[in-house]
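A.B. asks: A structural model of the following input is requested.
(one chain, ligands or ions: 1)
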Amino acid sequence: MAVLPILSYPDPRLRTIAAPVKEVDAEIKTLISDMIETMYAADGIGLAASQVDRHIQLIVMDLSENRDPPMVFINPKVTPLVEEKQPYEEGCLSVPDVYDKVERPSKVRIEALDADGEAIDEIAEGLLAVCIQHEMDHLNGVIFVDYLSRLKQTRARDKVKKVLKIREKQSQQAAKQPEATNV
Ligand code: ZN
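C.D. replies: The predicted structure is shown next:
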């Protein structure tokens, strides 16, 4: 298993449209474990393959408090079942430290394959409905900040730049002191 680098907004690769998975083979299974590890390492609740620069229709998710077995959605199809939209404060591992309200249909049907290639067909509401629509957007090259105003998008861009700079500095400092921590 490996933690994969996550693409950050506004990386143009995040705009790639994901292709369907042809077969759930060993390579896909490795990618699934790596994506789950990456999601946990980043403290996320969902991750689309697009975010780790793999442009196939694959999503991993764990909405549980205590790390239940994570959910895997392959070639998902999401259909809104109601017209009513509800606002929810969203965040994204590709847009670190930016949170804002997005309105989405509150009830959807999810059809997909799971990690074993078995069919999933379920009705989702609440956080699962929000999250699956957010991740589906990634597979279609859409990021949640696209729903916000121009001004908020500019602010998000600046914020991400700042966060990445701080992270880079922290990792450089951590790399400088390995001997000290070994003593
Ligand atoms: Zn996201």
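A.B. asks: the strands in the chain, which residues?
C.D. replies: For the chain, applying DSSP state E gives strands covering 46-48, 58-61, 71-80, 85-92, 95-105, 107-113, 119-125.
A.B. asks: Direction included, what does the longest one pair against?
C.D. replies: Each strand paired with strand 95-105, and its direction, by DSSP bridges: strand 85-92 (antiparallel).
A.B. asks: Spit out the contact partners of residue 41.
C.D. replies: residue 3 (Cβ atoms under 8 Å, 6 or more residues apart in numbering). In this view, the C-beta of every residue, glycine as well, is placed from N, C-alpha and C.
A.B. asks: ok, it to residue 1 distance?
C.D. replies: Per Cβ to Cβ, to the nearest Å, residue 41 is found 10 Å from residue 1.
A.B. asks: about what we covered before: is it possible to get TSV of the strands of the chain that adds mean pLDDT?
C.D. replies: Output for the strands of the chain, formatted as TSV (pLDDT from 0 to 100):
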stretch	mean pLDDT
strand 46-48	98
strand 58-61	98
strand 71-80	98
strand 85-92	97
strand 95-105	98
strand 107-113	98
strand 119-125	98
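A.B. asks: between these, which one is nearest to residue 138?
C.D. replies: Shortest distance between residue 138 and these, using Cβ to Cβ, is found for strand 46-48: 3.5 Å.
A.B. asks: what about that closest one, distance to the chain center?
C.D. replies: How far strand 46-48 lies from its chain's middle: 3 Å, per Cα atoms, centre = their mean, to the nearest Å.
A.B. asks: Residue 41 versus the residue nearest to residue 136 when sequence neighbours are not counted, what's the distance?
C.D. replies: In space, and not counting its chain neighbours, residue 136 is closest to residue 78: 5.0 Å by Cβ to Cβ, 6 or more residues apart in numbering. Applying Cβ to Cβ, the value for residue 78 to residue 41 is 26 Å.
A.B. asks: Same check on residue 164?
C.D. replies: Distance, residue 164 to residue 41, by Cβ to Cβ: 16 Å.
A.B. asks: Kindly report the same for residue 147.
C.D. replies: 27 Å.
A.B. asks: for the protein, what are the low-confidence residue spans?
C.D. replies: The chain contains residues with pLDDT under 70 at 178-183.
A.B. asks: Please repeat the previous calculation with a cut-off of 80.
C.D. replies: Applying pLDDT under 80 to the chain flags the ranges 67, 177-183.
A.B. asks: how about the helices of it, start to end?
C.D. replies: 26-41, 126-139, 150-176, 178-182 (DSSP state H).
A.B. asks: Out of those helices, which one sits most buried?
C.D. replies: helix 126-139 (a mean of 21; mean count of other Cβ atoms under 10 Å).
A.B. asks: What is that helix packed up against?
C.D. replies: Packing partners of helix 126-139 (3 or more Cβ pairs under 8 Å, 6 or more residues apart in numbering; DSSP states H and E): strand 46-48, strand 58-61, strand 71-80, strand 85-92, strand 95-105, strand 107-113.
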